[in-house]
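Asker: Just to be clear, the model below is a prediction. Sequence and coordinates:
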Amino acid sequence: MANPKTSDGVSLTGFTERDHAQQLNTYIRALEAFDATAGIQELKALSRERTGIGPGRRVLDVGCGFGLETLRAAERVAPSGTVAGLDLSRDFIVEAQRRADAAGLKIDLRVGSAEALPFADAAFDIVRAERLLIYLHQWQTALAEIRRTVRPGGRIALIEPDISTTTVNIPDRALLRRIMAHEADMNVVNAWLPGPLSAALRSLNFVDVALATRVVVFPAELGRVYFGECGRSACEAGVIGADELVHWQVGLDALHASGQLFGTVSYFLFNATRPAEN
C-alpha cells in the first residue's frame, strides 16, 4: 500500500502512524474537511447533547488527534470543568497543544495508547472516542479502559464508521467492489466494527445504550484524493493491475472535474452509561 509518509494521498493506515511530521498538514486538511461534513457535525452535536457536556464536566477525548473536538469540549466545560486528550501521534498532540494555547484553553494533552489509558479509575464524567476502535487489534481492551476511566453514572460516546459501506459513483462497479473490498479488509483492522460494538457495550454492563446513524458524503476534493489512494493501495497489493488503476483514476478525475463525484460512508454514534454502583 502507499506509504503515508511519502505519498501525497491520504490513506486510512496513515492515521495510525506515530510520526506524521512529513505529512502533518495533509492529514490536518483531510481531517478538517471531513469534520466539517454535515453528517459528522450532526453526530457530534447529538453526542454532546446525549452526554451532557457542559460547565463543570470532566471530559476525556481518547484518540483526540490534533484536538478538533477536544477544544470544543474545553470551551463547553469552562470555566470550572476539565478536559484531557490522548493520542498515539506525538505530532498530533503537539498541534493540539499549539491550538489550545492559541485559544487560551487549558487541556491535559498526552501521548499514549488507548489500550492502557494513563488516567485513574472513574476520573471522568464523560469519555468520548471517534474513529479510534476501527484501528485497534485490541479494541475490546480499549473499550474496557474507557469504562474504567468513566465514573459510575457517567456517559460515553463512540463515533465509528462501517468502512465496508464506503462507495463512490464510479461506473465500473466490478472494479469498485475489488478496490473497496481491499480497502476494508486490509487498511483498517475492524471494517465493520459497529456490528459487534453494541453487544460489546452490553457485555461490559453498560446501560442506556443508544444508537444514531448518518451517511456521510465526502467533500469532493477529499473524495478524489482518498479514493485515488484506495486504488493505488489495491494496485500495489496486486488486487488490480496498472491499467485498471489508470482507468480508476481517470474516472475519478472526470467525475471530480464535472462536479459529479459522489462518495459516501456510513457512520454510527453509540452512547451508553456506566451504571451507578450499588
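Answerer: That came in fine, so what should we check first?
Asker: Next, count neighbours for Asn25.
Answerer: Per other C-beta atoms under 10 Å, the neighbour tally for Asn25 reads 10. To be clear about C-beta, it is placed using only N, CA and C from the backbone, and glycine gets the same treatment.
Asker: would it count as being in a helix?
Answerer: Yes - counting by DSSP: H, G, I helix; E, B strand; the rest coil, Asn25 is part of a helix.
Asker: these two touch, right, Ala242 and Cys235?
Answerer: Yes - between Ala242 and Cys235 a contact is recorded at 6.3 Å, counting by C-beta atoms under 8 Å.
Asker: Compare neighbour counts for the two and give me the winner.
Answerer: The neighbour comparison of Ala242 against Cys235 (other C-beta under 10 Å) goes to Cys235, with 22 against 8.
Asker: Sketch out the low-pLDDT regions of this structure for me.
Answerer: Scanning the chain for pLDDT under 70 picks out the ranges 1-22, 278.
Asker: Pull the contacting residues for the most centrally placed residue in it.
Answerer: The centroid of the chain falls nearest to Arg131 when counting by C-alpha atoms, centre = their mean (2.1 Å). Neighbouring residues of Arg131 by C-beta atoms under 8 Å, 6 or more residues apart in numbering: 15, 63, 159-161.
Asker: Name the SS class of Thr269, please.
Answerer: In this structure residue 269 is Leu, not Thr. Each residue gets one of three states, and Leu269 gets strand by three-state DSSP.
Asker: What's the separation between it and Ala45?
Answerer: Distance, Leu269 to Ala45, by C-beta to C-beta, to the nearest Å: 10 Å.
Asker: now swap in His247 and tell me
Answerer: Applying C-beta to C-beta, the value for His247 to Ala45 is 40 Å.
Asker: Val265 against Ser164, yeah?
Answerer: No - if you go by C-beta under 8 Å, Val265 and Ser164 don't touch, sitting 9.3 Å apart.
Asker: still on that earlier bit, name the residue in His247 and Ala45 with the higher neighbour count.
Answerer: His247 (16 against 10).
Asker: any idea which element the more buried one lies in?
Answerer: Element membership for His247 (DSSP states H and E) is helix 242-257.
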